[in-house]
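Coordinates for the following, if possible.
(chains A and B)
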There are 2 protein chains.
Amino acid sequence: MNKTILLKSRPKGRPETTDFEFKEIEKPTPKDGEVLLRSKYVSVDPYLRGRMRDEKSYVEPFKLDEPIASAVVAEVVESKNEKFKKGDFLTGMMEWKEYQVSDGKGLRKVDSEKAPLSAYLGILGMTGLTAYFGLTTIGEPKEGETLLVSGAAGAVGSVVGQIGKIKGCRVIGIAGSDEKIDLLKDKFDFDAAINYEKTDDMGKAIRDAAPDGVDVYFDNVGGYTLDAAMENINRFGRVVHCGAISLYNETEQPTGPRLETKIVKKSLKLQGFIIRNFEDRFAEGIQQLGSWLKDGKLKYEETIVEGFDEIPQAFIDLFDGKNKGKMVVKVY
Amino acid sequence: MNKTILLKSRPKGRPETTDFEFKEIEKPTPKDGEVLLRSKYVSVDPYLRGRMRDEKSYVEPFKLDEPIASAVVAEVVESKNEKFKKGDFLTGMMEWKEYQVSDGKGLRKVDSEKAPLSAYLGILGMTGLTAYFGLTTIGEPKEGETLLVSGAAGAVGSVVGQIGKIKGCRVIGIAGSDEKIDLLKDKFDFDAAINYEKTDDMGKAIRDAAPDGVDVYFDNVGGYTLDAAMENINRFGRVVHCGAISLYNETEQPTGPRLETKIVKKSLKLQGFIIRNFEDRFAEGIQQLGSWLKDGKLKYEETIVEGFDEIPQAFIDLFDGKNKGKMVVKVY
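Below you'll find the model as predicted:
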């Protein structure tokens, strides 16, 4: 018995469970040089929405009627590759399948003694690295500056805020529930937090929380939150464009206030990135994140959903902000 | 007899000559440590429009009923400052007056033997430096890349394009008349040029001129030209936000397509600047520009209007693109 999840139709607007199809397939047999992997934890991430569009991009869009892929932690259940043995856990991009074979390329071993396996999909995986490289190389936070983070209770945002604190910033988070606001202040040590569900005037809310203005804005959401941040941005401000989840389900080109005059007058830098750009520095990033984690300077939160069949719904729930920290599906 | 030009009213939309007032004032007498200066060339620049607004900014707005100031080349007609002697020419920020006194702070001597005096307001002044530092430090053009420049026949754009050629780029300019297009191709050696007055679909025009896409966009105009450039921008593209002349006379916040999703997906950098940011490197910039000029690698164009009374109209004409290269008023 082996199951996979295919992209059945390209979502129109918000993804629906009917955009996905479960299919029974054969459990494959590894050839020489291959391993048989059993998916243990599957990462669901907002950026996957982009790959469901049929758009020319530097990453291939997912194909219709073919499996979706994301970061996974899987167990080696049979090995014909001398680099890996039965019982090892590997992580990397894998398909949404219970079982799959791989030649091991692009996969790396993870150590369940050093951190819980799910952490390799979050704080010690893509989202931790995204926070680390985005903030430090583009945001360049300096001691005493004000850092604003949207999607602050999410997998990336919660790490961004904590790194900001390590760098000596005043850190303000934006999130969507009182529970998340408490999490930001109590667990992650943010200096202030704004509940966007209870805020009519985001520009004013930011102004109140950041009376000296915003020096670095780490943006995970885009849209009107970005506009409000830009109302409060300081001269020489940096905007780290990590994501725009508020726009991913838009079906038409969204419009907003033009920023070019402000970008000139305030000497602003707005820069986007995807984590692959930093591929050759992953080891350094994981080393740094692991060391902060060990020293208790970084904490993390996970929302773990159980069961392979729950993967599509867990993905959809991201767009309603149902996760705190990293959303992960535990398969077994 | 001494005349000055005051800001009479803050322009609403496009500036009018009635926003300016000419006033007869006394010719001042220099005190110890001062020089009496006679304005010879006065620079008019689009950015002055911003200072006519009553907006909080890092530069003070011009005050109503007080003189406007811009870059000027002036002759020392009387000196009580040992650093300067009668007959010297100085440049720096000065008021729109025929005669004024100064203690010399912020002014530097220029050499009429090395270059025509007007050049110190253009290619060897703020606009040359703006082109040089904006392109090299933010645009970071690399050999073989495609550089797109708007306002390409203007004081900044024409220099940007030529520096792009020196750096080994394919250079495409956007300007507003056939005469300017000829200038770009024939005098400044641009590889291609687009007349926006004769183009219905700017996105397509850029695509045709830049089949490999745009790696660096040096933007002097903003608005729909920026949108069209963004349709053609390559992964890791850089946008140098130098100005947004198409928006300076807008009376309401203009809107346009949201760029945040594209900024993330294509790992773009959009960065603005004002030339003051590079103040501590001006000597280096003037040295480099002067050396290229001497070697014939840089050419320049000037539109010289004669007469102190023509300053307001010359400024207004910038918004109709009546200048080729640097717009300068020759007072005597």
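
how close does A:Thr127 get to A:Asn323?
As judged by CB to CB, to the nearest Å, A:Thr127 and A:Asn323 stand 11 Å apart. (C-beta placed from N, C-alpha, C; glycine too.)

What average pLDDT does the lengthiest helix in chain A get?
Assignment by DSSP state H gives helix A:282-294 as the longest helix of chain A. Computed over helix A:282-294, the mean pLDDT rounds to 95.

same question, stretch A:31-38
The model assigns stretch A:31-38 a mean pLDDT of 98.

ok, now stretch A:307-316?
Per-residue scores along stretch A:307-316 average to 98.

Chain B contacts on the stretch 151-300 of chain A?
A:219, A:222-223, A:226, A:235, A:241-244, A:247-248, A:253-274, A:277 (CB under 8 Å from any CB of the partner chain).

Restricted to buried residues, select those in ChimeraX.
Per 16 or more other CB atoms under 10 Å in any protein chain shown, the buried members of those correspond to this ChimeraX selection:
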select /A:219,222,223,226,241,242,243,244,247,248,256,257,258,259,260,261,262,263,264,265,266,267,268,269,270,271,272,273,274
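
Return the subset of the residues of the stretch 151-300 of chain A next to chain B lying in strands.
The strands, defined by DSSP state E, take in A:Asp219, A:Arg235, A:His241, A:Thr255, A:Gly256, A:Pro257, A:Lys269, A:Leu270, A:Gln271, A:Gly272 from these.

Report the two of these separated the most.
Using CB to CB, these reach their maximum pairwise distance at A:Arg235 and A:Thr255, which is 26.2 Å.

Between A:Thr127 and A:Asn323, which contacts overlap?
Common neighbours of A:Thr127 and A:Asn323, counting by CB atoms under 8 Å, 6 or more residues apart in numbering or on different chains, are A:Ala155.

Between those two, which is the more surrounded one?
Counted by other CB atoms under 10 Å in any protein chain shown, A:Thr127 and A:Asn323 do not tie: A:Thr127 has more neighbours, with 27 against 22.

hang on, the more buried one is in a helix, isn't it?
Yes. Assessed with DSSP: H, G, I helix; E, B strand; the rest coil, A:Thr127 lies in a helix.

Okay, and A:Glu143 sits in which element?
Using DSSP states H and E, A:Glu143 sits within no helix or strand.

That one: what's it in contact with?
Here A:Glu143 is in contact with A:Lys167, A:Gly168, A:Cys169 (CB under 8 Å, 6+ apart).

so how far is stretch A:151-167 off the chain centroid?
In terms of CA atoms, centre = their mean, to the nearest Å, the gap separating the centre of stretch A:151-167 from the centre of its chain is 11 Å.

Now it: average pLDDT?
97.

Can you give me the end-to-end span of that stretch?
For stretch A:151-167, the first-to-last residue distance is 20 Å (CA to CA, to the nearest Å).

picking up where we left off before, list the helices and strands the longest helix of chain A packs on?
Using 3 or more CB pairs under 8 Å, 6 or more residues apart in numbering or on different chains; DSSP states H and E, the elements in contact with helix A:282-294 are helix A:126-133, helix A:157-166.

The same query, at a cut-off of 6 Å, please.
helix A:126-133 (3 or more CB pairs under 6 Å, 6 or more residues apart in numbering or on different chains; DSSP states H and E).

which residues sit against the helix it packs on?
A:Ala71, A:Ala155, A:Val156, A:Val159, A:Val160, A:Ile275, A:Phe278, A:Gly285, A:Leu289, A:Lys326 (CB atoms under 6 Å, 6 or more residues apart in numbering or on different chains).

got it, and stretch A:290-307?
A:118, A:122-123, A:162, A:166, A:187, A:314, A:323-330.

so where do the helices sit in the stretch 101-250 of chain A?
Applying DSSP state H, counting those that start in this stretch to the stretch 101-250 of chain A gives helices spanning A:126-133, A:157-166, A:178-182, A:202-209, A:223-231.

I'd like to know how many residues surround A:Glu24.
Residues near A:Glu24, counting by other CB under 10 Å: 8.

In three-state terms, how would it be classified?
strand.

Distance of it relative to B:Thr225?
54 Å.

same question, A:Arg108
Counting by CB to CB, the gap from A:Arg108 to B:Thr225 is 46 Å.

out of those two, which sits in the more crowded spot?
B:Thr225 (23 against 12).

Give me the below-cutoff pLDDT ranges for the stretch 151-300 of chain A.
Applying pLDDT under 70 to the stretch 151-300 of chain A flags no residue at all.

hang on, the earlier thing: now render the contacts of A:Glu143 as TSV, adding neighbour count and distance to A:Asn2.
Shown next, in TSV, are the contacts of A:Glu143 (neighbours: other CB atoms under 10 Å in any protein chain shown; distance: CB to CB, whole Å):
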residue	neighbour count	distance to A:Asn2
A:Lys167	19	46
A:Gly168	13	50
A:Cys169	23	48
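
Could you dump those into TSV and include distance to B:Glu301?
Formatted as TSV, the contacts of A:Glu143 follow (distance: CB to CB, whole Å):
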residue	distance to B:Glu301
A:Lys167	47
A:Gly168	49
A:Cys169	47
